[in-house]
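**Student:** no sequence on this one, just coordinates:
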């Protein structure tokens, strides 16, 4: 966009006055075109703090964007590490749950996210990724995009179950902890839990008790949605499995087989499910995801023009 800091301050002020959006100065300087800036504002990521509907984690690059979808707690800050390993040519956007908008079913949630996604990328090919419950969201979005005639170039899932019954106990325990934390935020146990959530789940620091209570509500909503029957995706699934606690990912992969017509490409990371995006494991996840992106990039380059 060009310009200098004084001009940028005026632009930020005008955006606040006329559009009601709080735009960080850094976003203005990192955005290269007016169209890109408009997409960020329309997508809801101009401000909004930790609960913004879309996090623009990397906005530059010539490749199709990677769209990442939140795990059960509804926040996607865990994906903030991905640009570090995916490189400067890969845009990355992460989608978060709305605190004030419950959905009747997973398909309704996916439809709302498709609307957000198309503001940032009106046409395919699309690249989708999700961890845990986010994998179910990404899969349903992929199915909806295909029904609309769009090309889904990559569907990548990180330790996601086709129907999350196997994870309900862990997610429900987490929800109970969040509720307890919201009731008594100053206890030693609460401080330890906040440290764990920040470390392993990438939650933003400084969450207030009411925000933690909101996360507990969102978690319960997503637990309910995670039992919905998936549709069938016409393509491959790239699957990143956490294998520290369960070295055989066959059960997880087998669960997806009825819901995708293509191959299952497996990558493994020496981590547990709930700390897959911790500081110790996140770069390894990013490297596996980079391999998956490289594979579809090479396949796309090898296809003759005008074919899918």
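**Tutor:** Received, thanks. The structure presented is a predicted model; accordingly, all values stated were derived computationally and were not measured.
**Student:** What segments of the stretch 101-250 of the chain are strands?
**Tutor:** With DSSP state E, counting those that start in this stretch as the criterion, the stretch 101-250 of the chain has strands at 126-131, 152-158, 237-242.
**Student:** now for the ones you listed, which one comes closest to residue 82?
**Tutor:** Nearest to residue 82 among those is strand 126-131 (8.4 Å), distances taken as Cβ to Cβ. For the C-beta atoms, the positions are set from N, CA and C on the backbone; glycine is no exception.
**Student:** angle of the closest one against strand 152-158?
**Tutor:** 10 degrees (axes from the mean of the first three to the mean of the last three Cα atoms, to 10 degrees).
**Student:** Report the angle between strand 126-131 and strand 237-242.
**Tutor:** 20 degrees.
**Student:** tell me which strands and helices strand 126-131 is in contact with?
**Tutor:** strand 66-69, helix 133-147, strand 152-158, helix 282-302 (3 or more Cβ pairs under 8 Å, 6 or more residues apart in numbering; DSSP states H and E).
**Student:** try 10 Å this time
**Tutor:** strand 66-69, strand 92-95, helix 106-120, helix 133-147, strand 152-158, strand 237-242, helix 282-302 (3 or more Cβ pairs under 10 Å, 6 or more residues apart in numbering; DSSP states H and E).
**Student:** From the chain's centroid, how far away is the second one?
**Tutor:** I take that to be strand 92-95. Put simply, strand 92-95 sits 6 Å off its chain's centre (Cα atoms, centre = their mean, to the nearest Å).
**Student:** what does the fourth one give?
**Tutor:** Using Cα atoms, centre = their mean, the mean C-alpha position of helix 133-147 is found 12 Å from that of the whole chain.
**Student:** tilt between that helix and strand 237-242?
**Tutor:** Using the same axes, to 10 degrees: helix 133-147 against strand 237-242 is 180 degrees.
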